[in-house]
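1. The sequence isn't on hand, but the structure is:
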């Protein structure tokens, strides 16, 4: 699947995917985010940057799977000022070397989104790691227990309000 | 007639492999559910070496994090530093002088040779052959001496800086490297005679530990693991960086997908690394090794970028997010071993335990890289 095809197909599910912060910083309206953005690889390291709603993440993963992409990493980010967590899924293609980042944001007080382990089994560990570090719950995950942290860990060290 | 004889009697038992076990090359535990000699389920339990490098990346300045990078994959530390400095350079828009790029390629490829040599020795130990380790460590020692002369360290290199490298290489290093390449090249037939043609080694590796290409893709495996499964994926070719676009080299690929294929990929890769080093030394011109005007206190503009390098174990990625201050807002470190290990549970199912250890060894895991 070429980048153009992906732009079209991801664009269909990314409708309404532009997620302005729930509570914009005071006095400043949230900058609109384009749901599907073609990016300069030399500057950003990705060819396509897509923002979807959390409930469409499985659809996005399915499109990437059909496109022959592989899941390289899942990155959580704590945007504490926006009261949101961002989850970035990095996909790459063995065939073309193209790189696609799929982003989604969940509210910080109810951090939950669907698991994609059934589409990419490699996501199993990445999601457990993200759960370890941020406490983001991946619904449908078969074993959301600490992976890198101690087995009785109840803390989430990459939250910006951790340990301060 | 006994009852066992009439009914299919099946009993499984749990065996703990590790966390302290020579075959796991570090602190890795595998919870094995065994059906006799065969594996019913092998659940890796990781995290014993977890140090939360990603948090450390957030609470210190960009430069202060540099030594951390060498402590993840300490067998091939150059690549982690390379990925990190390149990500920050991309974020800050720093251009690296040409000579520094060639020096980075030479030192990184030397590190790849050292890493593959160490792996070959350790893998043979896993399979019960002690002798090859003595030869590979002899060669590796020469590389460590060379790298020590220019970087000051033998293992945990902190040689690359934002904008270049901290120290220019001298004529002695260049001559010593050429001499070493000639020596290693002349010893490769010896390695093939000692290891590749050994009938016991072949019986332990051929057809053992099959990882289908599709499994590699679904689990995000990279590096020699995918190239041993017939996928010609190498970040140096897929997303060319540093001085690699100027250099002529091949990606060794074997379609057999077994332990032997992964072994042969690494052996061939060593030949390619030697070619790369020689070309880079030929093309290297005198010049600066650090970009001008790189501020001491780096504050990249707000932004978000990703950078991948081909480490000795696969694709090492860094996602760096800057909020405009002197510390990263978020630093994601994507370790190749983490993804390569995650397919072990699926692929080891139904294997003999002894064969699964060959599969484990052929993945070339460095546990502190996986745990970070």
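-> Structure's in. What do you need? These figures come from a predicted structure and were not determined experimentally. Numbers count the residues shown, from 1 in each chain, chains lettered A, B, ... in the order given.
2. pLDDT weak spots in chain B?
-> Along chain B, segments meeting pLDDT under 70 span B:1-9, B:23-24.
3. Mind telling me which residue of it is nearest chain A?
-> residue B:238 (3.0 Å; Cβ to the nearest Cβ). Glycine gets a C-beta too; all of them are placed from N, C-alpha and C.
4. wouldn't that residue be in contact with residue A:97 here?
-> Yes. Contact criterion Cβ atoms under 8 Å: residue B:238 and residue A:97 qualify, at 3.0 Å.
5. in chain A, which spans are helices?
-> Along chain A, the stretches classed as helices by DSSP state H are A:3-13, A:41-44, A:57-66, A:123-134.
6. pretty sure residue A:99 is touching residue A:46, no?
-> Yes. Using Cβ under 8 Å, residue A:99 is in contact with residue A:46, at 4.7 Å.
7. Return every residue with contacts to both of the two.
-> Common contacts of residue A:99 and residue A:46 (Cβ atoms under 8 Å, 6 or more residues apart in numbering or on different chains): A:90, B:306.
8. Write out the residues of the stretch 201-350 of chain B neighbouring chain A.
-> The stretch 201-350 of chain B comes close to chain A at residues B:216-222, B:226, B:231, B:233, B:237-239, B:304-308, B:315, B:317, B:319, B:321, B:329-330, B:332, B:334, B:338-339, B:342-343, B:346, as judged by Cβ under 8 Å from any Cβ of the partner chain.
9. Does residue B:122 touch residue B:362 like I think?
-> No. Taking contacts as Cβ under 8 Å, residue B:122 lies outside contact range of residue B:362: 11.0 Å.
10. More neighbours: those two, which one.
-> Comparing residue B:122 with residue B:362 by other Cβ atoms under 10 Å in any protein chain shown, the one with more neighbours is residue B:362, at 27 against 19.
11. Next up, the contacts around that one.
-> Counted by Cβ under 8 Å, 6+ apart, residue B:362 has contacts B:123, B:205, B:209, B:225, B:228, B:259, B:262, B:263.
12. So which bits of the host helix or strand of the last one are buried?
-> Meaning residue B:263. Here residue B:263, judged by DSSP states H and E, is contained in helix B:259-283. Across helix B:259-283, burial judged by 16 or more other Cβ atoms under 10 Å in any protein chain shown covers B:259-270, B:272-281.
13. Residue A:143: what's it in contact with?
-> Applying Cβ under 8 Å, 6+ apart, we find residue A:143 in contact with A:124, A:128.
14. State the pLDDT value of it.
-> For residue A:143, the pLDDT comes out at 89.
15. before we move on, what about residue A:17?
-> 47.
16. Go ahead and confirm residue B:254 touches residue B:231.
-> No. Taking contacts as Cβ under 8 Å, residue B:254 lies outside contact range of residue B:231: 10.4 Å.
17. Name the residue in the two with the higher neighbour count.
-> residue B:231 (22 against 18).
18. measure that one to residue B:271 for me?
-> Distance of residue B:231 to residue B:271, computed by Cβ to Cβ, to the nearest Å: 20 Å.
19. tally of neighbours for residue B:64?
-> 13.
20. for the one 10 residues further on, same thing?
-> A count of neighbours around residue B:74, defined by other Cβ under 10 Å, yields 14.
21. what do you get for the one 4 residues further on?
-> By the measure other Cβ under 10 Å, the count of residues near residue B:78 is 28.
22. Assign the nearest residue to it once chain neighbours are set aside to helix, strand or coil.
-> Spatial nearest neighbour of residue B:78, chain neighbours left out: residue B:111 (4.0 Å); criterion: Cβ to Cβ, 6 or more residues apart in numbering or on different chains. Of the three states, residue B:111 takes helix under DSSP: H, G, I helix; E, B strand; the rest coil.
23. Hmm, residue B:79 and residue B:111 touching each other?
-> Yes. Assessed by Cβ under 8 Å, residue B:111 is found in contact with residue B:79 at 6.9 Å.
24. Mind listing the shared neighbours of these two?
-> In contact with both residue B:111 and residue B:79: residue B:312, using Cβ under 8 Å, 6+ apart.
25. Find the helix or strand that the closest residue in space to residue B:57 that isn't next to it in sequence is a member of.
-> Among residues not flanking residue B:57 along the chain, residue B:331 sits closest, at 3.3 Å (Cβ to Cβ, 6+ apart). Assignment of secondary structure by DSSP H and E places residue B:331 within strand B:328-334.
26. helices or strands next to that strand in the packing?
-> If you count contacts as 3 or more Cβ pairs under 8 Å, 6 or more residues apart in numbering or on different chains; DSSP states H and E, strand B:328-334 packs onto strand A:69-79, helix B:53-58, strand B:314-322.
27. OK, contacts around residue B:303?
-> B:91, B:321, B:322.
28. Let's see that with 6 Å instead.
-> B:91, B:322 (Cβ atoms under 6 Å, 6 or more residues apart in numbering or on different chains).
29. Repeat that for residue A:85.
-> A:76, A:78, A:106, A:108, A:111, A:134, A:136.
30. Repeat that for residue B:363.
-> Counting by Cβ under 6 Å, 6+ apart, residue B:363 touches residue B:340.
31. Quick one: name the residues of chain A near chain B.
-> Contacts of chain A with chain B, taken as Cβ under 6 Å from any Cβ of the partner chain, map to A:44-46, A:70-73, A:75, A:77, A:94, A:97, A:120-122, A:125, A:147-148, A:157.
32. can you do 8 Å?
-> For chain A, the contact set with chain B under Cβ under 8 Å from any Cβ comprises A:41-46, A:68, A:70-73, A:75, A:77-78, A:88, A:90, A:92, A:94, A:96-97, A:99, A:101, A:120-122, A:124-125, A:129, A:133, A:146-150, A:157-158.
33. For the buried ones among these, write the corresponding PyMOL selection.
-> Buried residues within these, by 16+ other Cβ under 10 Å, are selected in PyMOL with:
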select buried, chain A and resi 44+45+46+70+71+72+73+75+77+78+88+90+92+94+97+99+101+120+121+122+124+125+129+133+146+147+148+149+157+158
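34. does residue B:153 count as helix, strand or coil?
-> coil.
35. For it, give me phi and psi.
-> phi -130, psi 160 (degrees, to the nearest 10).
36. about what we covered before: how about the contacts made by the residue of chain B closest to chain A?
-> Taking Cβ under 8 Å, 6+ apart as the definition, contacts of residue B:238 comprise A:92, A:94, A:96, A:97.
37. Spatially, what comes nearest to residue B:239 if we skip its sequence neighbours?
-> Counting by Cβ to Cβ, 6+ apart, the residue nearest residue B:239 is residue A:97, at 5.4 Å.
38. Show me the beta-bridge partners of residue B:321.
-> With DSSP bridges as the criterion, residue B:321 is bridged to residue B:304, residue B:330.
39. Look at it and say how many residues are nearby.
-> 22.
40. isn't it right up against residue B:306?
-> No. Using Cβ under 8 Å, residue B:321 makes no contact with residue B:306, being 10.0 Å away.
41. quick one: residue B:92 and residue B:297 touch, right?
-> No. Residue B:92 lies out of contact with residue B:297 (Cβ under 8 Å); the separation is 11.6 Å.
42. Show me which of those two is the more surrounded one.
-> residue B:92 (20 against 8).
43. who's in contact with the more buried one?
-> B:162, B:298, B:300, B:301 are the contacts of residue B:92 under Cβ under 8 Å, 6+ apart.
44. Would you mind checking the residues you listed for buried ones?
-> The buried subset of the contacts of residue B:92 - by 16+ other Cβ under 10 Å - is B:162, B:298, B:300.
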